[in-house]
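Pasting the sequence and the predicted coordinates here, then a few questions.
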Amino acid sequence: MLIVVLLLLLCSLAAGLVSLAAPARAGAAITVVSGLASFGLVLAVAGTAAHRDIAYLPYLRIDALSVIFMLATGFLYAALAVYSVGYVTEETGHEDPADAHRYARRFYAGLNLFCWAMLAAPMMNSLALLWIAIEITTVVSALLVALEGTDGSAEAAWKYVLIASAGLGLALLATIFAYVAGAQVLGGRYDLALPPLLHAGAALPHTPVRLAFMLAVLGYGTKMGLFPVHTWLPDAHSEAPAPVSALLSASLLADSFYAILRYYQVTAAATGSGFPREVLLAFGVASLLLAALQVLQQPNLKRLLAYSSIEHMGILAIGVSFGAPAALAGVMLHVLAHAAAKGNAFMGAGVFTVKFGSTQLSAHRGALGLLPWSGPLFLAAVLALSAMPPFGIFRSEFQIVAGGLGSGRYAATAVLIILVTVAFSGLTASASRTLLQPPQALRPARPAAAGTDAGSAAADGTIPPGPAASEEGSPATDGPGGRAVVAVLDRPAAAAGRVLTRGEPSAWMVVPAVAGMIALLVLGLHPPAELTGLMARAAAQLGGVA
Amino acid sequence: MSAALPVPVIQALQVLTIAVGAPWVSGVIARMEARLQGRRGPRVLQPYYDLAKLFRKEALAPEGASWVFLAAPVAAVASYLTIPLLIPVLTSYGLPLGYMGDILGGGFMLSLASFLVAIAALETGSPYAQIGASRAKTFSAITEPVVLFVVFTASMLTGTDLPYAVAATVRSSAGQIVAPGHLLASAALFLVILHETSRIPVETHTGTNEFGMIDEARPFEHSGPYLGLLTWSSQIKQFVLYTLLLNVFLAPWGLSSTAQAGSVGLAILALLGKAALLGIIVAVIDNSFAKLRLFKITEFVSGAFLLAVLAVFTFYLGGV
Amino acid sequence: MGPVHVAGAYRGVVDILAALTLVVEFGMLRQALARDQIRLYAAQSALISVLAIVIGAGRGLTGLFALAGLSAALKVVAIPLVMRRLLRGPGRGGSGPAEAPGVAGSLSLSLASTVLWSLGLAAFGAFTFTAMNIHSPVAPAAALAIAAAMVLVSFALMIVRRDAVSQAIGYFSLDNAISLASLVVAAGLPLILETLFLFDLLVAVVVFGLLMRARHARGQSLSTAGLTKLRG
């Protein structure tokens, strides 16, 4: 088992470092191999961790709680590694082959290093190493967000790195106060390892522990997307390349939640779970409210999905605040199901971006007809995110609500249900409204006023003339008789007035989405008994108290 | 060797020292500045000669000016000379009249004098004098809270704001002077003194720069003995503020603890020496920095306010 | 240790150094030129290194000397050097930035209002922490309250300023504040962890630098006043 764990730790790191130097093709292959291998290794570890905690060297410790998050990251790593092969080849932002090559190399290196840090974080034994791992994820993902090289991505990356680093500064303070609490009981040489802190339990002084928890929620909550420190999230998730957005939404937010959960464990052991649960409830409801409202009126697909991520993080926080074992098990399932669903959604969004050349919802009309695989898969992912049966998220939210009602938190549960319904309507309506419409007729556009800085007329050869009018975000105009309005990104080479034929851009981008859908269905209909056992163990470790 | 001086004599000596020593301090500063600029500079006793010359000259008053115009210089000198009775100038023990008022009372006297001079300037109808008066009052609206905060800092230290008590506490241990709250308060008070005595970076003390004048513009219309009194009063104010900073906050040593004539004499010399030293520091600052533009003076004074507030904080937090 | 007055002097010195770092923080808030902000940051880092040495000497924690040296090398020398180089831009020629890179961008509030708000924030932070009664055997509790005040003021610095360099300096001074807090309450934290935190700061600096350089190289100013496109 030691070999497995070490391999898991080192494989993606090695992959990342090699892809920095290797040419793009080799990098792609290495990434795919590393992703699939890591997922396999995580499954192997999961089998053992369902029965006992694994601990090696003073630094590594894997228990059921960590495995849940590692499963989420591992699955996404494998799926997105395959997906990226297609995405990077099809991504038309770079005309110059040297540019495209450099983009691809950096992309693969960044992807591997990002996944390495996210896999390593749940494996760390000490709170300090946990902080360092999450700081590394911030740093790597900021560079990834800025990879596109556009104005928007530069703005998003700067905002992200500033706000996230400031938040992690607060989290560092939390770590220091955890040390203060621990040192008073365990002596000045205490090195922030987790098990001794949990053992000390009620002997820990209350004030530093509570202070540490508050700071941890604020600090790690910045990276998790809790209101009010979520402001970087929509920008970063919408400006990053689609696979990176998927990892950010589904995996990084979850890892930050994992960090908060560790502080929750310590605080619950020291002061009882009343205080931390109230805090999490407050932040969860606030985030859910904000996200539900914002989801009602988003014209940009990836921003829509980003706000949906905030919504689900809020649901996670509320679930933990209920405290019942059923609710906590629901939270664990939700982490897994959300990872699969959000990964699928962003993968679909990536296909749409490649196909239609834009991330605005208005440009995605008729996607169901034009993309025989990705269209329906995306629709299914959106329905899954809105907690439709038979997908996994329905099951997990049902468990959370059941836990809440069972532990007598009627008001909070009612608020949860109302807000989730609001978010459901917003998400489903926005996404399906444009998907289900017939594709717009393809007529040559009259040369209209050159719009923004968007690249103009790299006109496709087969299309009858016309630089298309480029307008950002305008709703599609009239029906078949109208102008073809294609909104473009501010990428110079986006071909305006492209031909939209039926067909998938790349098979590489479809297979992972199918795998994700299968996972969602399995999680929703009949999660394997081992998995259920794992989740129950994790819930117990969190201290399922009614 | 020395006879014990009766207390009223010591009391009178305090006022006399300030009154007579003030022009000397100004002279030292002027000479030091000139030396730093590479000139020989006026003699140190020049201000006395200037005062004497002014007292011999004819006095004019603008039409329409009332008795306030004529009374203000006298009232100003009188107010400023009251303050040496309240603060430790020569002795480390409280003198009877010293309990007449505390630091706040001293602050009020300073403002009273400034207020009277401003009123007199307003009376004249001359544009420069009026500008000077209005500017002076505007900026003092910001500096007054600073002085109050500094006073609060000092009084939190001792529980009273009697200057003698504060000085005694500061003198009691070396650790007190090194306390951060104390140093911050002294720094804030120093900045306020720069403002009140019309030094760089607030004003140019020498020469007439009409567009930048604040305090210097107020005596524009006075002449003869009245101008002499006003000049003397500003020198007295300068010396009084220096004494406050030195004998209460920064360097409360050299004060006589007995009533012996010898030690009182030494105290006089010590005071003059310390004031001269502070004056030299002010001269160096004068020559090192540029005058601030008028609207930036609020930033300067807000800096002093910042230091004073931080002084209160650190006192409150650390109890030091 | 020694008689009472020795302990008093140690306490006084620690308090003064902590108070001075807070004063420097406010100084950074008031500065208009980016170059001066960087100098003040270097001064603040130097103060914290000196404080580490004082605490190490006063309480016999020799690990702090190494820490002081390391953090001085990094924060007093390396980081200001990197920032200054970034300010100079990627070389002359071509379309330069829209505004002189040396002048920190405009404040979103006036300076006086900023200072008042920051004083309020500092008071809030300091008194909250005092009310929590967290005592440390190593240093007076006032220093912890000052560190809390400094954290809040550095947030104010990041929020109020409209240019990338000031925001980055704000983040670095946040890190200084946390170092101060850790010196006060966590002086026994194993050296290896402190070193890791420091190297993490280095990595963050590299990333900040890369991002700023990316913007600068595309001919844009370092002002973030124009970064308002992504909304809603």
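All right, it came through fine.

make it CA atoms for all contacts and neighbour counts henceforth
OK.

so where's the stretch 1-150 of chain A uncertain?
Along the stretch 1-150 of chain A, the model assigns pLDDT under 70 to residues A:92-94.

Show me what from it comes close to chain C.
Proximity of the stretch 1-150 of chain A to chain C is confined to A:128, A:132, A:135-136, A:139, A:142-143, A:146 under the rule Cα under 8 Å from any Cα of the partner chain.

The helix-or-strand element of chain C with minimal mean pLDDT - contacts with which helices or strands?
Scoring the helices and strands of chain C by mean pLDDT, DSSP states H and E places helix C:191-217 at the bottom, with a mean of 73. The contact analysis (3 or more Cα pairs under 8 Å, 6 or more residues apart in numbering or on different chains; DSSP states H and E) places helix C:191-217 against helix A:127-145, helix A:151-186, helix C:63-71, helix C:79-88.

Next, count neighbours for the residue in the stretch 1-150 of chain B that chain C sits nearest to.
Per Cα to the nearest Cα, residue B:142 is where the stretch 1-150 of chain B lies closest to chain C, at 11.6 Å. Using other Cα atoms under 10 Å in any protein chain shown, residue B:142 has 16 neighbouring residues.

Over to the one 10 residues further on?
Neighbourhood size, residue B:152 [other Cα under 10 Å]: 22.

My guess is it contacts residue B:310. True?
No - taking contacts as Cα atoms under 8 Å, residue B:152 lies outside contact range of residue B:310: 11.9 Å.

Now name the helix or strand holding the spatially closest residue to residue A:274 that is not a sequence neighbour.
In this structure, residue A:274 finds its nearest non-sequential neighbour in residue A:268, 7.7 Å apart by Cα to Cα, 6 or more residues apart in numbering or on different chains. Applying DSSP states H and E as the criterion places residue A:268 in helix A:253-271.

chain center to that helix, what's the gap?
On the basis of Cα atoms, centre = their mean, to the nearest Å, helix A:253-271 sits 19 Å off its chain's mean C-alpha point.

hang on, residue C:62 packs against residue C:56?
Yes - the criterion here is Cα under 8 Å, and residue C:62 meets it with residue C:56 at 5.6 Å.

the more surrounded of these two?
Using other Cα under 10 Å, the more surrounded residue of residue C:62 and residue C:56 is residue C:56, with 21 against 14.

helices or strands up against the one helix or strand residue A:417 maps to?
Following DSSP H and E, one finds residue A:417 within helix A:410-435. Helices and strands touching helix A:410-435, by 3+ Cα pairs under 8 Å, 6+ apart, are helix A:274-295, helix A:301-322, helix A:374-385, helix A:392-406.

Rebuild those helices as TSV, extending it with distance to residue B:10, mean neighbour count and mean pLDDT.
Formatted as TSV, the helices and strands packed on helix A:410-435 follow (distance: least, Cα to Cα, whole Å; neighbours: other Cα atoms under 10 Å in any protein chain shown; pLDDT from 0 to 100):
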stretch	distance to residue B:10	mean neighbour count	mean pLDDT
helix A:274-295	67	21	91
helix A:301-322	76	27	92
helix A:374-385	89	25	88
helix A:392-406	83	24	91
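
got a markdown table for the ones you listed, with distance to residue C:144 too?
Shown next, in a markdown table, are the helices and strands packed on helix A:410-435 (distance: least, Cα to Cα, whole Å):
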| stretch | distance to residue C:144 |
| --- | --- |
| helix A:274-295 | 24 |
| helix A:301-322 | 31 |
| helix A:374-385 | 45 |
| helix A:392-406 | 40 |
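
what ranges do the strands span in chain C?
Read by DSSP state E, chain C holds no strands at all.

So for it, the centremost residue is which one?
residue C:173 (1.4 Å; Cα atoms, centre = their mean).

before we move on, back to that, least confident of the helices and strands packed on helix C:191-217, on average?
Lowest mean pLDDT of the helices and strands packed on helix C:191-217: helix C:79-88, a mean of 81.

could you give the angle of it to helix C:191-217?
10 degrees (axes from the mean of the first three to the mean of the last three Cα atoms, to 10 degrees).

is chain A contacted by helix C:79-88?
No - counting by Cα under 8 Å from any Cα, chain A has no neighbours in helix C:79-88; the shortest distance is 15.3 Å.

So which elements touch that helix?
helix C:34-59, helix C:191-217.

helices or strands next to the helix holding residue A:268 in the packing?
helix A:64-90, helix A:127-145, helix A:194-200, helix A:206-224, helix A:274-295.

contacts for that helix?
The contact list for helix A:253-271 (Cα atoms under 8 Å, 6 or more residues apart in numbering or on different chains) reads A:66, A:69, A:118, A:121-122, A:130, A:134, A:197-198, A:200-206, A:209-210, A:212-213, A:216-217, A:220-221, A:223-225, A:273-274, A:276, A:313, A:335, A:542-543.

go again using 7 Å as the cut-off
Identification of contacts with helix A:253-271 by Cα atoms under 7 Å, 6 or more residues apart in numbering or on different chains yields A:69, A:118, A:197-198, A:201-204, A:206, A:209-210, A:213, A:216-217, A:220, A:223-224, A:276, A:335, A:542.
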